[in-house]
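S.K.: Need a 3D model of the following:
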Amino acid sequence: MAVELPRHLPPSVPASDFGRLVDEYFEALLAFSPTTATAQGLHAHDDALEDLSGARIAARIGEVRGFVARLEALPAAGLTPDEAVDRAFLASQARAELFDLATVESWRRNPMSYARLPGEAVDSLMKRAFAPAPQRLRSVIARLGLVPTLYAAARANLENPAPEHTELAMRMAKGSIGFFETATRTWARSATTDAALLAQFDRANDAALAATRDFASWLEKELKPKSHGVFALGTEKYRELLRLQEMVETPLPELLAKGEAHLAQDRAAFIATAAKIAPGKKPAEVMQGLTREHPTAEDLIPSVARGLEAARRYATEHELVTFPSAQRPTVKETPPYARAAVFASMDTPGPFEVPGVDAYYYVTPVEPDWTAQHREEHLRMFNRYTTTMIDVHEAYPGHFLQFLYMPAVASKVRKLMYTTANVEGWAHYAEQMMIDQGFGDGDPKLRLAQLQEALLRDCRYVVAIKMHTRGMTVAEATRVFVEQGFQEEANGHEEAMRGTYDPMYLAYTMGKLQIQALRDEYLARTGRGLRAFHDAFVAQGGLPVAFIRKLILPPDAAPHARP
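M.R.: Okay, here's the model as predicted:
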C-alpha cells in the first residue's frame, strides 16, 4: 500500500495572522532548502536539490527581509502569549539566516556545504522508509540529476576560502565519491527490480559520481592553491551571530571569563578524580589508562550498540525523566560524506515524519587509509567509559529523548527551529546530571570520563571565542584541547578544525550552565522534583533557555521549601 505523505506543512492552528505568516515563512524556507524539508518529514520538495546560485541566494535574501518586516509589523496586542514567544524566536532565527546569507556570506567563504550536501540530500531519501522504495528511488534520481548544477554554483560562488575549510571539504568530497560508488548502487538494487528504473538510476548516479570526482579534483587542484582566506569571523560578526542565533547578549569578555573559570573548575575536578583512581600518576596518564579499554575497529559499532540500554534503564528506574515512547535508535556507521565533521551523532526523523521510521545513532568508524596511530587514537575515544557518556549525550536521556517529545510540541516554530544552547546544552547537561544522580555507582573512572567530556566542551567554549575574535590559530587551539582538556592529539586537532567552521560550538557548555541555573531555580521555587523539571524542559522544543524559563516558571511562582 502506498504511503500518503504530508506534502506541505499542515496549517497553523488557530489560523491567526501570525499563524499564516509562520506557514508562509516555512513554506519558503523549505522550498529553498529541500534537503531540510525531507529531513523534517515534509516531502513536497523531495525531487529538488538546493539551488545555491547567486541569483537564488539573492532572491532568498529578499524573501527573508520581507518576512522579518512583516513579523515586526504584527501588532503585539493581537498575539497570544505563546505566539509572542514564537514571534520573538522566529524573528531572531530569520535575522540569523539573513546575517549568514547577506553579511557573513558563508556560501562564498566555505566549500564544505557544497561538498557535503549531495550525499546528505540523497541519503535522506534512502535511509528511512517513509514511502515505498521505488517512489523514493525516483526522487533519488531527480536529486542526482541536479548534483552537477550544485557543483557549478560552488565554482561560481567560492572566493578565497580559508585553507582549513577547503581541506575539510576535500575530505567530505572524498567521502561522497565512496558513497556514490557503493552505497547508492547497493540501495537502488534493493529498492526495485524494474530494469528501466534502474537504468535511469545508473545514468543519473554515474553522472553525479563523475561530477563529484571532478569537484574533488577542482577543490584540490584549483581551489586549494587559492585558499588564503581567514576563518575567523571577527569580534563584531561573532557577537552579532551569538545575539541572533543563540539570543545571548552577554559581552564577550564576560562570556570568555566565565568559560575560562568553568574550564579551570572542571580541570581541577578532573585532576582530583584522577588522583583517586591512580595516586601519584599524572592525570593524562590516568585517562590514557582508561582509554586502553577500547573495542577493536571491527567491534566498534556492535560494542556501542551492546552498551546503549544501560543509561535508559537507569534514567527510568530512578525516575529522572519520562520516556513517552518505547522506540529505540539503531546504531550505524556515520555516512561517509559526514565523517569529516563528527565522531558520534544522533539522526532522528523529522517532527512531521510518518510514524515508525528509524532513528540512527551514528558512530564514525576507523577509515582504511588512517595511520596506525590515528586508528588507535580514534578507538581510544570510544573506550568503555567515554562511550557510556556519549550514550547519555546522544540517546538517553540526551538527544533521543528530545526527539521523543517533539510530536507533542504544538508550535510549528518550536518543532522546526532550535538554539544550539538548548539542544546541545541539554545533552551535555544530561551527562553530569546522570553521574550526579548515581549512574555508574560512584565509579571514579566514569566520573573521570564525564569530566573529560565536560573539559572537551569547556575547551570548545574558550577556543571558539579566541579563534574567532582573538587570533587563536588551529595549532594553538589544538594545544588547548590536549593540554587543558586531556584530549588525544588527533582528536584535539579535529576539534580545533571544527572550531573554524562551527563558531557556536561554545553553546554546549553555555547551554549546560543555563539549564543548571534554571533547574536550581525551578526546584527551589516550585518545590517539585527533578523529573518534573526535566519533563517540563524537553516538552518546550528548542526554544532559548530564557524563553523556557518564562513558560515553565511563571513570575508569580512562590518559593517552596525543599525537603
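S.K.: Give me the residues contacting the helix or strand containing residue 197.
M.R.: Per DSSP states H and E, residue 197 falls inside helix 195-218. Residues external to helix 195-218 that are found in contact with it (Cβ atoms under 8 Å, 6 or more residues apart in numbering): 114-115, 118, 134, 137-138, 140-141, 144-145, 147-148, 151, 154-155, 170, 173-174, 176-177, 180-181, 184-185, 188-189, 192. Quick note: C-beta positions are derived from backbone N, CA and C, even for glycine.
S.K.: Quick one: mean pLDDT for that helix?
M.R.: Helix 195-218 shows a mean pLDDT of 98.
S.K.: Ok, stretch 44-64 next?
M.R.: 98.
S.K.: Could you give me the buried positions within stretch 420-438?
M.R.: Buried residues in stretch 420-438, counted by 16 or more other Cβ atoms under 10 Å: 420-435.
S.K.: Filter those down to just the ones in strands.
M.R.: Cross-referencing those against strands under DSSP state E gives no overlap.
S.K.: Among those residues, which pair sits farthest apart?
M.R.: Spatial extent of the buried residues of stretch 420-438 (Cβ to Cβ) is set by the pair 420 and 435 at 22.7 Å.
S.K.: my guess is residue 322 contacts residue 531, does it?
M.R.: Yes. With contact defined as Cβ atoms under 8 Å, residue 322 reaches residue 531; the gap is 6.5 Å.
S.K.: Between the two, which has more neighbouring residues?
M.R.: residue 322 (17 against 14; other Cβ atoms under 10 Å).
S.K.: That one falls within a helix, correct?
M.R.: No. The assignment for residue 322, made by DSSP: H, G, I helix; E, B strand; the rest coil, is coil rather than a helix.
S.K.: Residue 266 versus that one, what's the distance?
M.R.: According to Cβ to Cβ, to the nearest Å, residue 322 stands 29 Å off from residue 266.
S.K.: can you check residue 343 too?
M.R.: From residue 343 to residue 266 the distance is 20 Å (Cβ to Cβ).
S.K.: And for residue 542?
M.R.: 26 Å.
S.K.: Distance from the chain centre to the helix or strand bottoming out on mean pLDDT in the chain, please.
M.R.: Least confident helix or strand of the chain, by mean pLDDT, DSSP states H and E, is helix 372-381 with a mean of 90. Here helix 372-381 shows a centroid-to-chain-centroid distance of 23 Å under the convention Cα atoms, centre = their mean, to the nearest Å.
S.K.: how about it: buried residues?
M.R.: 374, 376-381.
S.K.: Closest one to residue 312 out of these, please.
M.R.: Closest to residue 312, out of all of the buried residues of helix 372-381 and judged by Cβ to Cβ, is residue 381, at 22.2 Å.
S.K.: Show the contacting residues for the residue nearest to that closest one when sequence neighbours are not counted.
M.R.: Distance criterion Cβ to Cβ, 6 or more residues apart in numbering; nearest residue to residue 381, sequence neighbours excluded, is residue 491 at 5.7 Å. When contacts are counted by Cβ under 8 Å, 6+ apart, residue 491 touches 343, 377-378, 381, 481.
S.K.: Report the separation between the closest residue to residue 78 other than its chain neighbours and residue 74.
M.R.: Sequence neighbours aside, residue 17 is the residue nearest to residue 78 in space, at 6.8 Å (criterion: Cβ to Cβ, 6+ apart). Going from residue 17 to residue 74 by Cβ to Cβ gives 6 Å.
S.K.: Please report the distance of the spatially closest residue to residue 223 that is not a sequence neighbour from residue 224.
M.R.: Using Cβ to Cβ, 6+ apart and skipping the chain neighbours, the partner closest in space to residue 223 is residue 166 (5.5 Å). Per Cβ to Cβ, residue 166 is found 5 Å from residue 224.
S.K.: Which one's more surrounded, these two?
M.R.: Under the neighbour definition other Cβ under 10 Å, residue 166 and residue 224 were set side by side, and residue 166 has more, 23 against 16.
S.K.: And the pLDDT at the more buried one?
M.R.: At residue 166, pLDDT is 98.
S.K.: Please tell me I have it right and it contacts residue 111.
M.R.: Yes. Using Cβ under 8 Å as the test, residue 166 is close enough to residue 111 to be in contact (5.8 Å).
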